[in-house]
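Colleague: Everything below, folded, please.
(chains A and B)
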Amino acid sequence: MGLIYALNGLYFSAFLFLTALGLSIILGVMGILNLAHGSLYAIGGFVGAYLIGLLMAQGSAPLTIVAALLGAVVAAGAVGFILETTLIRHMYKRALEYQLLITFGILMLIEDLIKLVFGGESRYASAPCDAMGSLDIMGHTYSVYSLFVMAMALAAGLLIWWLMVKTRLGIMLRAIEMDREMAQAMGIPMRSLTITAFVIGSALAGLAGALVVPTSPAVLGMGMDPLIMAFIVVVIGGLGSLRGALLGSLIVGLTRSFTIAYFAELEMPLLFLIAVVILIIRPQGLFGQK
Amino acid sequence: MKKYLFTSRAACYLVALIILLSLPRIISPYHLTLMETGLSMAIMALGLNLLLRYTGVLSFGHGAYFAVGAYAVGLLSMYLPEHFTFEKAMLAAIVVSALISALFGFVCVRHTKIFFSILTLALAMLLFALLEKAYHITGGSDGIRIPIPPFFGHEFEGMRRFQFLCGPYYYIVVGIFAASTVLMLAIVNSPFGKALQATRDNELRAEMIGIRVKRYRWYAFVISGTFSGLSGGVWSFVNGHITPEISNWVFSGEIVYMVLLGGFMIFEGPIVGAILFTYMRLYAIATTEYWMLIIGATLIFLVLALPGGVTGGLASLYNRLRPKRAQEALRE
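Modeller: Numbers count the residues shown, from 1 in each chain, chains lettered A, B, ... in the order given. Below is the predicted model of the structure:
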């Protein structure tokens, strides 16, 4: 049974990684803790579920899931673009309380906009998950879709790693992260880069949201739990760190899976306790600089 | 000059108190209970503002201490019903929230800025998770029903909750609210309050002139948490039912919202904000299904266009409209 718990843990970790990575990039590059990050996840979820419902009737399963994921990424990225260029851009020089409150306001706004656009009822979109079936791992049946999610998270992680380490864009983003003023003095185009970072972060949240709907329906408020979990991951792993997001999501995902299996009641308290302890002894997180 | 300001503020307070005390004759019982909610929230908003305005740190988990106060009352009613009187319940709310905020605050005050906010949020969520999961003690997500307590030996047995809230309890709430406001005003104007502002403005300089920065911040945290606990205790009777949701970070966000709505640069701002938010939220819920849209859009508008909140906006309007000569006379 241990193997299945470990696989479930990795499956949780995959979602956490995608959500936390976006949150972490935005926090690292822009210094803003985006409380509306869960809402972008929810947008991804609803758009994904909508597209799956639309396409599954005529198309094949693989095509549907690809289209749904792409649609969700584009939708969340577009909303991120709108948010950054209209609201968040005014916030970089403002005090912390305003930065947090505006994203809190955006969270409430998006929550109701989703209700307005997609209606209040839950959207089921389990077709791709059913179509992929399950396979046999050492005597236990395990859904192929879960493995697909892990592969997607890995691929997205590698892509972001490549982007941040190997490309000019990533080097400039990391320069902003390290020293904002100096980066600006060196002539790095701040406006376009912060927009890019916000769009990438939002798109990752959207991807995570779209990946989750084949296994659990899209419901209002679905972004709340992932937000708080991603929060814990970022706290554990360290702000703006890719390795930190990976390790943090593995710690949280596996802890979650094994505590659910053995002491279900302790799951949430234990995770928050880990976050609090890390914040006390190492506030910059396991992989944070400074 | 200072004396003049003091007496005009005292006069305003007296007028406000008279208005508050005559409200039961003016507004409907339903609005009176809303007012009780607003006034009990105002106590917490004052507490939060001691940290935000005067100490310079933003707590995004103040719901935790509110919840501690409310649950102190709730657990007292559940497990020690023979001791369940209003005065003992308030004492429990104050003592337990002071202890918990002393414990939580001890670790929080080591940080400032965003780390402080994240840590307060994480601690509040830890409490939320514990309250929800320990259902055999706290009733879990079902929460606890709060009965009507006896008050200094006076039984309200047989009185219906609505009657109790519209009658005697309103005056109790006003009394506690007024006492808290005066106490907080005394705290922020005391040497201790001035020292806090010095740590906010320049931590290093404050340390150099002999203020023990972290110690002072801790004291401020405990005072702030205790105000929130008292507020939670008072509110628990108004609502009649408590759930772990009040320790969730969303509620803590709403508390910060209240303070900003009223305006945190003016001492009385958070009070105005708490009352206004209570009414605004309820009217939004009553008028439309999409109330979060209204509340959220209002918040975004506030942040972008009215960062000083309602009282800050009124103050700058007043300053602009006031004749120049009066301003010059005041400056001398």
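Colleague: can I assume B:Gly61 is in contact with B:Ile118?
Modeller: No: look at B:Gly61 against B:Ile118 with Cβ atoms under 8 Å: they stay out of range, at 9.1 Å. For glycine as for every other residue, the C-beta is placed from the backbone atoms N, C-alpha and C.
Colleague: more crowded one of these two?
Modeller: Taking other Cβ atoms under 10 Å in any protein chain shown, B:Gly61 and B:Ile118 do not tie; B:Gly61 has more neighbours (28 against 24).
Colleague: any idea how far that one is from chain A?
Modeller: B:Gly61 sits 11 Å away from chain A, going by Cβ to the nearest Cβ, to the nearest Å.
Colleague: which residues does that residue contact?
Modeller: B:119-125, B:249, B:252 (Cβ atoms under 8 Å, 6 or more residues apart in numbering or on different chains).
Colleague: does it sit in a helix, a strand or a coil?
Modeller: Three-state assignment for B:Gly61 (DSSP: H, G, I helix; E, B strand; the rest coil): coil.
Colleague: Also A:Leu135?
Modeller: Assigned with three-state DSSP, A:Leu135 falls in the strand class.
Colleague: Who does it form a beta bridge with?
Modeller: A:Tyr142 (DSSP bridges).
Colleague: And for it, the neighbour number?
Modeller: 11.
Colleague: For it, give me its contacts.
Modeller: Residues near A:Leu135 by Cβ under 8 Å, 6+ apart: A:141-142, A:144.
Colleague: Show residues contacting stretch B:174-188.
Modeller: B:13, B:17, B:20-21, B:39-40, B:42-43, B:46-47, B:50, B:54, B:90, B:193, B:196, B:223, B:227, B:230, B:234, B:267, B:271.
Colleague: Please report the separation between the first and final residues of stretch B:139-152.
Modeller: The first and final residues of stretch B:139-152 sit 28 Å from each other (Cα to Cα, to the nearest Å).
Colleague: Could you find the closest non-adjacent residue to B:Gly253?
Modeller: Excluding its sequence neighbours, the residue lying closest to B:Gly253 (Cβ to Cβ, 6 or more residues apart in numbering or on different chains) is A:Phe104, at 4.7 Å.
Colleague: Tell me which helix or strand A:Ala153 sits in.
Modeller: Remark: A:Ala153 resides in helix A:144-166, with elements defined by DSSP states H and E.
Colleague: actually A:Arg243, not the one I wrote
Modeller: Secondary structure (DSSP H and E) places A:Arg243 in helix A:242-262.
Colleague: in the stretch 201-332 of chain B, which spans are helices?
Modeller: B:203-208, B:213-239, B:249-262, B:269-287, B:291-305, B:309-321, B:324-331 (DSSP state H, counting those that start in this stretch).
Colleague: With mean neighbour count and distance to B:Ser8 as extra columns, can I get the ones you listed in CSV?
Modeller: Below are the helices of the stretch 201-332 of chain B laid out as CSV (neighbours: other Cβ atoms under 10 Å in any protein chain shown; distance: least, Cβ to Cβ, whole Å):
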stretch, mean neighbour count, distance to B:Ser8
helix B:203-208, 13, 31
helix B:213-239, 25, 25
helix B:249-262, 25, 20
helix B:269-287, 20, 17
helix B:291-305, 19, 28
helix B:309-321, 14, 13
helix B:324-331, 8, 12
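Colleague: now for those helices, which one comes closest to A:Gly53?
Modeller: Checking the helices of the stretch 201-332 of chain B against A:Gly53 by Cβ to Cβ gives helix B:291-305 as the closest, at 25.0 Å.
Colleague: helix/strand/coil for the residue nearest to B:Gly253?
Modeller: Taking three-state DSSP, the label given to A:Phe104 is helix.
Colleague: just checking, it touches B:Thr298?
Modeller: No: between A:Phe104 and B:Thr298 there is no contact, the gap being 11.7 Å when judged by Cβ under 8 Å.
Colleague: thinking again about what came up before, please indicate which of the contacts of A:Leu135 are buried?
Modeller: A:Tyr142 (16 or more other Cβ atoms under 10 Å in any protein chain shown).
Colleague: Return the member of the contacts of A:Leu135 nearest to chain B.
Modeller: Nearest to chain B among the contacts of A:Leu135: A:Tyr142, at 28.4 Å, using Cβ to the nearest Cβ.
Colleague: Phi first, then psi, for B:Val107.
Modeller: Backbone geometry at B:Val107, expressed as degrees, to the nearest 10, gives phi -80, psi -30.
Colleague: what about it, how many residues close to it?
Modeller: The number of residues near B:Val107, taken as other Cβ under 10 Å, comes to 17.
Colleague: Quick check: which ranges of the chain have low pLDDT?
Modeller: No chain was given, so I picked chain A. By pLDDT under 70, the weakly predicted segments of chain A are A:59, A:240, A:288-290.
Colleague: Chain B is the one I meant
Modeller: For chain B (pLDDT under 70), the answer is B:1-6, B:153, B:156-158, B:323-332.
Colleague: Relative to B:Lys133, how far out is B:Asp142?
Modeller: Distance of B:Asp142 to B:Lys133, given as Cβ to Cβ, to the nearest Å: 13 Å.
Colleague: Have a look at the two and say which one is more surrounded.
Modeller: Legend: neighbour count by other Cβ under 10 Å for B:Asp142 and B:Lys133, higher for B:Lys133 (20 against 12).
Colleague: any idea how far B:Ile271 is from the more buried one?
Modeller: Counting by Cβ to Cβ - B:Lys133 and B:Ile271 are separated by 35 Å.
Colleague: again, but for B:Gly143
Modeller: From B:Gly143 to B:Ile271 the distance is 27 Å (Cβ to Cβ).
Colleague: give me phi/psi at the residue at the greatest distance from the centre of chain A?
Modeller: What lies farthest from the middle of chain A is A:Gly139; by Cα atoms, centre = their mean that is 32.3 Å. Torsion angles at A:Gly139 (phi, psi; degrees, to the nearest 10) stand at phi 90, psi 0.
Colleague: A:Ala218 now?
Modeller: phi -80, psi 120.
Colleague: wait, what's in contact with it?
Modeller: Per Cβ under 8 Å, 6+ apart, neighbours of A:Ala218: A:42, A:45-46, A:48-49, A:118, A:122-123, A:125, A:209.
Colleague: residue boundaries of the helices in chain A?
Modeller: A:2-30, A:37-55, A:61-86, A:96-118, A:127-132, A:144-166, A:168-178, A:180-185, A:190-212, A:224-237, A:242-262, A:267-281 (DSSP state H).
Colleague: Output these in JSON lines; the columns should cover distance to B:Leu165.
Modeller: Below are the helices of chain A laid out as JSON lines (distance: least, Cβ to Cβ, whole Å):
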{"stretch": "helix A:2-30", "distance to B:Leu165": "42"}
{"stretch": "helix A:37-55", "distance to B:Leu165": "36"}
{"stretch": "helix A:61-86", "distance to B:Leu165": "42"}
{"stretch": "helix A:96-118", "distance to B:Leu165": "29"}
{"stretch": "helix A:127-132", "distance to B:Leu165": "51"}
{"stretch": "helix A:144-166", "distance to B:Leu165": "51"}
{"stretch": "helix A:168-178", "distance to B:Leu165": "53"}
{"stretch": "helix A:180-185", "distance to B:Leu165": "52"}
{"stretch": "helix A:190-212", "distance to B:Leu165": "43"}
{"stretch": "helix A:224-237", "distance to B:Leu165": "32"}
{"stretch": "helix A:242-262", "distance to B:Leu165": "42"}
{"stretch": "helix A:267-281", "distance to B:Leu165": "34"}
